[in-house]
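Chemist: here's a sequence, model it:
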Amino acid sequence: MEDKSRKKIVNRLKRIEGQIRGLEKMIETGAPCLDILTQVSAVTAAIKKTGTEVIRVYLDQCLIDAAHKGEADREKKKTEFQKALSRYIDMA
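Modeler: Down below sits the predicted model:
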């Protein structure tokens, strides 16, 4: 993964980490359930967007690299990607 992409994803994760800390504090202080659910929804959306960005980077970088290699490597990368994507979709 290129540095620019890595930094972008790490920054997203740091923002999510802050959201999680805020959510934890909301629960500790007895915030209203609807406010907590709203924040959980925001965290879930942020995680999904991060996953989508990882998929985009993988397609742009890893699969294109594999396309320039032999058929066996290309098929292996494709199969690995399909399995990972299936797990990601099942999570959503």
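Chemist: show me what the helix or strand where residue 89 lies packs onto, helices and strands only.
Modeler: Using DSSP states H and E, residue 89 falls within helix 71-91. The contact analysis (3 or more Cβ pairs under 8 Å, 6 or more residues apart in numbering; DSSP states H and E) places helix 71-91 against helix 33-57, helix 64-67. C-beta: built from backbone N, CA, C; applies to glycine.
Chemist: per-stretch mean pLDDT over these, give me the minimum one.
Modeler: Among those, helix 64-67 carries the lowest mean pLDDT, at a mean of 71.
Chemist: coming back round to it: redo the helices and strands packed on helix 71-91 as CSV? Include mean neighbour count.
Modeler: Shown next, in CSV, are these (neighbours: other Cβ atoms under 10 Å):
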stretch, mean neighbour count
helix 33-57, 14
helix 64-67, 12
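Chemist: mind checking the ones you listed for the one nearest to residue 85?
Modeler: helix 33-57 (6.9 Å; Cβ to Cβ).
Chemist: for the closest one, which outside residues touch it?
Modeler: 1-2, 5, 8-9, 12-13, 15-16, 19-20, 22-23, 26-27, 85, 88, 91-92 (Cβ atoms under 8 Å, 6 or more residues apart in numbering).
Chemist: next, the buried residues of stretch 20-36.
Modeler: 23, 26 (16 or more other Cβ atoms under 10 Å).
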